[in-house]
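> Got a sequence here, can you model it:
(2 chains, ligands or ions: 3)
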Amino acid sequence: MTINRDFRTCPDTGFKIHLPADKLIKWNAVSGVVFLMIGGLFGIAVALTRWPAVHLLPADWFYLALTAHGLDVLLVWLIFFEVAILYFASSVLLGSRLASPKAAWAGYWLMLIGAVMTNIAVLRGDSSVMFTSYVPMKAAPDFYLGIILFAVGALLACFVFFGTLVIAKQEKTYEGSVPLVTFGATVAAVIAVFTIAAGAIILVPTLLWSVGYISHIDTLMYKVVWWGMGHSSQQINVAAHIAVWYALAAILFGAKPLSEKVSRTAFLLYILFLQLASAHHLLVEPGLSSEYKIFNTSYAIYLAVLASMIHGLTVPGSVEAAQRKKGFNKGLFEWLRKAPWGNPAFSGFALSVVMFGFLGGISGVMMGTEQLNIIIHNTIYVPGHFHATVVTGTTLAFMALAYWLVPTLWQKELVLPGLAKWQPYLFGIGMGLVSVFMMGAGTLGVPRRHWDINFADAVMGYDFPGAAHLMMGLNGMAALMGALGGAIFILNMVGTILWGKPKTKAAEEEAPAPAPEPVVATYGNAGTMAVPGTFTLAMVFLVSFVLYYFVNWKYLAGVWPLS
Amino acid sequence: MSIFPPEQRIWWKEPIERSEILWVVIALVWCLILFFMMPYWHIVGEQNLTNEAYRIKPEAFAKRTEAFAEKYKVREEGDTGIPVVRPPAGSDIYMLGRLWEWWPVLELQKDKTYRLHLSSLDWQHGFSLLPENINIQVHPDYEMVITIKPNRSGEYSVVCNEFCGIGHHTMVGKIYVVDK
Ligand code: HEM
Ligand SMILES: [Cu+2]
Ligand SMILES: [Cu+2]
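Residues are numbered from 1 along each chain as shown, chains lettered A, B, ... in the order given. Ligands and ions are numbered 1, 2, ... in the order given. From the prediction side, this is the model:
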C-alpha cells in the first residue's frame, strides 16, 4: 500500500496541510453544519410549541421533534464538528500526514449512515423516546442501531487521531511537546473513548432488548450507565471548545498560554475527574446513596470545576497578555476595548467564554449540588442550563472557529461579511436569552419535555403563575432571534463554500478573520505577564457565583422539610 | 502560541505569574466550600433526600396503594372518581404513578410528618410537587420512602415531569394540605 504524502501549503498560515486530511476536515465539518441546520429547524418548532400563545405542533409531533432536535444537535452536529477539530489539531497543527485516511473515511460513513438511520427511525414516529431513551420506554431497533453505528464511526475517528499523533512523533514533524490546542484535543479524544465504551455497554443490550432477545433492563442501572456516556460526552464538548478557545486566542492575537504548565494540568484534571460524574443526573433517583451522590456529583471534590475556573482565567488572560504586549496597556480594560469586536471569530469567541462561564457554569454547579437538585430536577431549568453550555458555549465557539477555518481551508471569501459581523451577537444573545428564560420558568416549576402547561385536556390541572407563561413566550421570541443568527451562520458557510469568491491577496487584508501575525508568534515567555484586567473579571465571576449559589440554598430552605 | 509547540522545551519549569497562582488558590478554596456544603446540609438542613428505597413488584405496590386508599378514603375528587385519601398523621402514605395519572389524591395535615411511598407501575415518571417545586424521580420496580412535613396549607399539584409518552402532559395529581 502506498502512503499518500501529498501536502499543500496554506497561503494564509503557512501550515502544511495533508490533502486527505484537508478533505476529511471539510466533509466532517460540512456534515456537522447540515445537521445543525436540521436540528435547528426542529428546535424552532419545539420552542414555538412551548410558547403557550403559539403552541405550534400537535403533541405527537412535538415529542417527535424534540427527540430529533436533541439527537441532531447534541450528538450529530457537535461530534461531526469535533472530528473535524481532531483532524485539524493533529494533522494540520503538527504538519503530519493523517494516519489511515481509509479508516477515517470508514468512520465518516459509519457516522453518516448511523445519523441518517436514527433520524429515519424518529421521523417514522415510532421512536419518540427523547435522545435519552430511558427504559422501559422502547424505540424501534434501528433507532439504537443508528446511534451505535454513529458511535463506532466516532471511535474510528479517535483512533485515527491517536495514530496521527504517533506518526507525527515518529516522523518528527514537530519538536518538543505538542501544542496546547493539540493537547486539549487529545484530552477530548481520550474522554471520547471512555464515553463510547460506556455507550456500548448500555446501548448494545438495549438494542437486543428492543429486538426481543433480552427481556428486562433495570431502569436505574440503565440511567447510571447511560449517563456514563451522556455526561462524559458533554466533557468532550467542554475539552474541545476550550481547545478551540485557545486556538482562537492564538490565531486572532498570537496569544501564548500564560503558563503551559497550568493550562495543561487543568486539561489533565478533566481526564482524571470529569468522567466520574454522572450522578448529577441521578440526584433524586431512588436506590443510590447520598455518599455516592455527593462524591460523584462533585467529581471527587469539584476538581473538574477547578479546571474550568482555571481555563476561565487563562484563556482571556492569554488574550490580555498578547494585547498588552502590543501596547494596549492603558487601564484595566484597554486590551478588551480595542479587541476586534467586529470580527465574528473574535466576538463569537468572547461571547462563548462569557456565557459558558456565567450562564452555563454557575447554573450547572448549582443544580449539580445534591440537595439543590431537588428544586431543579427535570424542570425546564435543565434545558436552560445546557443551552448555555452547549449552545452559547460549544456551538458558538465552533461557529467562531468556522469563520476562520472555512475561508482558510477553502481559500474563499465569506459571501456575507456584513451579516457575519452581527451573527455572533444575534445567535449568542438570542440563545443566551433562551437559556435565561428557560431557567427562569424552571424556578417556577415548569416541566421540561412537556407539550401543554395549560393542561387543557387533563383531568386535573395546575395553574402556573402568569410569569411562567410570560417567560415561555419570551423564550419563544428569543429562540426566533437565536434561530435567525443560526440561519445567517449556515447561509454564510454554505454560501461561502459553494459560491464564495476565491481569496485574493487584497481581499485577505479586509477578511474578517486575519491570519496570525508571525511577529507576535515568537515573543518570549508570557508566563510572567500580569493580567490585572482578567483577574478583575474573574473576581466578578466569583462573586456572582457565590451569590447565586447561596440564593438557591435559601430557596431550598423554604420548601417542605423532607428527609 | 497555543497552536505551536511550546517555545521552551522545558515548559514545566517556566515561572507562573502571581495572579494566576492566586486565582488557582481562590478557586480551590471555593471548590472545597462547594463540596462541604452538601454534607453540612445533611447535618443542619431540613431538606435532604432519603436513602430509603426498596425493590418492589409493580403489582405489589398497586395492591398496597389500593388497600391504603380504601382504608382512608374520605370522598372523591369532584366527578373524576379518584379517591381523596386522608391518612392519620405520622403514618405511611402511598402515591403511585401510572400512564397517565398520580393516584390517589392525598389530604394531609399541616406540620405533621408522613412517610410517603412512591413508585411507578409502568414507565418512569417525575413527581413534581407544585408550587413547592420539589422534584423526585419515580421508577418502576423501586419504591422510595420520603418523610415529608407539609408546612403550609393549600392545594398542591403533582405534575409529571419525566416524559412518559403521548399523554405525559395530562398526568397531574393532587395533594391537599389542611390546617386540621
Ligand atoms: C435554533 C436554535 C435552538 C432552539 C430554538 C432551541 C430550543 C430548544 C427548546 C425550546 C428545547 C425544549 C425544552 C423542553 O421542552 O424540554 C430544546 C431542547 C434541547 N436542545 Fe435546543 N435549541 C436550539 C439549539 C440547540 C443546539 C445548537 C443544541 C446542542 C448543541 C441544543 C440542544 C438541545 C437538547 C440536548 C435538548 C433536550 C432535548 C430533550 O429534552 O430530549 N439545542 N431546545
Ligand atoms: Cu408520567
Ligand atoms: Cu410524564
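> Can you classify the residue most central in space within chain B as helix, strand or coil?
Residue closest to the mean C-alpha point of chain B, counted by C-alpha atoms, centre = their mean, is residue B:136 at 2.2 Å. The local conformation at residue B:136, judged by DSSP: H, G, I helix; E, B strand; the rest coil, is strand.
> which SS class is the closest residue to residue A:279 other than its chain neighbours?
Residue nearest to residue A:279 in three dimensions, not counting chain neighbours: residue A:296, with 3.6 Å by C-beta to C-beta, 6 or more residues apart in numbering or on different chains. In short, each C-beta sits where N, CA and C put it, glycine included. In three-state terms, and counting by three-state DSSP, residue A:296 is helix.
> Number of residues surrounding residue A:296?
20 (other C-beta atoms under 10 Å in any protein chain shown).
> looking at it, it is touching residue A:278, isn't it?
Yes - using C-beta atoms under 8 Å, residue A:296 makes contact with residue A:278 at a distance of 7.0 Å.
> what's the residue of the stretch 101-250 of chain A found nearest ligand 3 in contact with, if anything?
Per C-beta to the ion, the residue of the stretch 101-250 of chain A with the smallest distance to ligand 3 is residue A:137, at 10.3 Å. Shown in contact with residue A:137 (C-beta atoms under 8 Å, 6 or more residues apart in numbering or on different chains): A:129, B:123, B:124, B:163, B:164, B:165.
> got it, and residue B:145?
Contacts of residue B:145 by C-beta under 8 Å, 6+ apart are B:50, B:52, B:53, B:54, B:92, B:115, B:116, B:117, B:118.
> Name the nearest residue to the fifth one, sequence neighbours excluded.
Nearest residue to residue B:92, sequence neighbours excluded (C-beta to C-beta, 6+ apart): residue B:115, at 4.7 Å.
> Distance check, the residue nearest to residue A:279 against ligand 2.
Distance, residue A:296 to ligand 2, by C-beta to the ion, to the nearest Å: 26 Å.
> just checking, next helix/strand downstream of whichever strand or helix holds residue B:36?
In this assignment (DSSP states H and E), residue B:36 forms part of helix B:18-44. The helix or strand immediately downstream of helix B:18-44 is strand B:53-55, counting by DSSP H and E.
> and that next one, which residues are buried?
residue B:53 (16 or more other C-beta atoms under 10 Å in any protein chain shown).
> Show me which residues of the stretch 301-450 of chain A sit near ligand 1.
A:380, A:383, A:387, A:390, A:391, A:395, A:448, A:449 (C-beta under 6 Å from any ligand atom).
> got it, and chain A?
A:40, A:43-44, A:46-47, A:50, A:66, A:69-70, A:73-74, A:77-78, A:130-131, A:380, A:383, A:387, A:390-391, A:395, A:448-449, A:479, A:482-483, A:486.
> mind listing which of those are in helices?
A:40, A:43-44, A:46-47, A:50, A:66, A:69, A:78, A:383, A:479, A:482-483, A:486 (DSSP state H).
> which among these gets closest to residue B:42?
Closest approach between these and residue B:42, by C-beta to C-beta: residue A:383, at 28.9 Å.
> in chain A, which segments are predicted with low confidence?
A:1, A:274-277, A:505-529 (pLDDT under 70).
> residue ranges of the helices in chain B, please?
Under DSSP H, chain B gives helices at B:18-44, B:58-72.
> For the last one, C-alpha coordinates in PDB please.
Going back to what we said before, that points to helix B:58-72. The C-alpha trace of helix B:58-72 is given here as PDB (Å, rounded to 0.1, in the frame of the first residue of the first chain):
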ATOM      1  CA  PRO B  58     -45.500  -3.100  40.500                       C
ATOM      2  CA  GLU B  59     -48.400  -5.400  41.300                       C
ATOM      3  CA  ALA B  60     -47.400  -5.500  45.000                       C
ATOM      4  CA  PHE B  61     -47.100  -1.700  45.100                       C
ATOM      5  CA  ALA B  62     -50.500  -1.300  43.400                       C
ATOM      6  CA  LYS B  63     -52.100  -3.700  46.000                       C
ATOM      7  CA  ARG B  64     -50.700  -1.800  48.900                       C
ATOM      8  CA  THR B  65     -51.700   1.600  47.500                       C
ATOM      9  CA  GLU B  66     -55.200   0.300  46.800                       C
ATOM     10  CA  ALA B  67     -55.600  -1.100  50.300                       C
ATOM     11  CA  PHE B  68     -54.300   2.200  51.700                       C
ATOM     12  CA  ALA B  69     -56.800   4.200  49.600                       C
ATOM     13  CA  GLU B  70     -59.700   2.100  50.600                       C
ATOM     14  CA  LYS B  71     -58.900   2.300  54.200                       C
ATOM     15  CA  TYR B  72     -58.600   6.100  54.500                       C
END
